[in-house]
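Visitor: Structure here, sequence nowhere to be found:
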């Protein structure tokens with residue numbers, strides 16, 4: 001009997017992300033993923049019985065990485081460095097926003113694992129929102145962000161800027177630009 005290949009979680013999730021971004025959720029299937037990984041489809045089924053399980057596990061894997069980096073960023077002082085660290089995290093993981101847009105079309109009750117992961121994903125959204133709101137309030141209190149601006153609007157602006165296509169700019173230039181817009185506006189000097 002031939003020995004079945006094992007999958008490295010990082011590689012599995014890396015290829016899952018690529019396939020989701022290239023083909024979309026509805027076109028995502030284990031056969032295409034198995035070809036990318038160079039394994040039999042049954043190898044993937046040894047780990048996940050449904051695509052919803054794999055996709056939500058991938059999302060949780062990425063979100064755990066984001067949360068670890070956000071916790072580290074939250075401890076940074078002074079505010080300027082903290083804001084820059086948060087922007088780097090959000091820009092480094094900007095593609096996750098596209099992946100998260102599949103949640104409304106996914107069967108949340110496909111399995112108990114999917115149900116748990118979807119519940120955890122919604123908790124993450126609340127935590128992310130709280131981090132952004134706290135960051136905005138800290139920026140207002142320290143005078144780095146205009147106190148008269150709506151925190152809700154700033155939250156939406158930050159997330160929109162992070163997701164905006166910027167293929168021609170380096171991450172550092174993008175972070176510096178968003179930072180300057182948030183703290184100084186767009187008018188000269």
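Guide: Happy to help now that I have it. Owing to the predicted nature of the structure, the values given are computational and were not obtained by experimental measurement.
Visitor: How about residue 89: what's its closest non-neighbour residue?
Guide: Of all residues not flanking residue 89 in the chain, residue 69 sits nearest, at 4.5 Å (C-beta to C-beta, 6 or more residues apart in numbering). For every residue, glycine as well, the C-beta is placed using N, CA and C.
Visitor: Just the mean pLDDT for the one helix or strand that neighbour maps to, thanks.
Guide: Element membership of residue 69 [criterion: DSSP states H and E] is helix 51-74. In this model, helix 51-74 carries a mean pLDDT of 93.
Visitor: And it, what does it pack against?
Guide: Under the contact criterion of 3 or more C-beta pairs under 8 Å, 6 or more residues apart in numbering; DSSP states H and E, helix 51-74 touches helix 9-23, helix 30-37, helix 79-92, helix 95-100, helix 112-141.
Visitor: From the chain's centroid, how far away is it?
Guide: Relative to the centre of its chain, helix 51-74 is centred 7 Å away, using C-alpha atoms, centre = their mean, to the nearest Å.
Visitor: and if you look at stretch 7-22?
Guide: 14 Å.
Visitor: Identify the residues contacting the residue nearest to residue 89.
Guide: 85, 89, 92 (C-beta atoms under 8 Å, 6 or more residues apart in numbering).
Visitor: Output the residues you listed as CSV; include the columns distance to residue 44 and pLDDT.
Guide: Shown next, in CSV, are the contacts of residue 69 (distance: C-beta to C-beta, whole Å; pLDDT from 0 to 100):
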residue, distance to residue 44, pLDDT
85, 36, 95
89, 30, 92
92, 27, 87
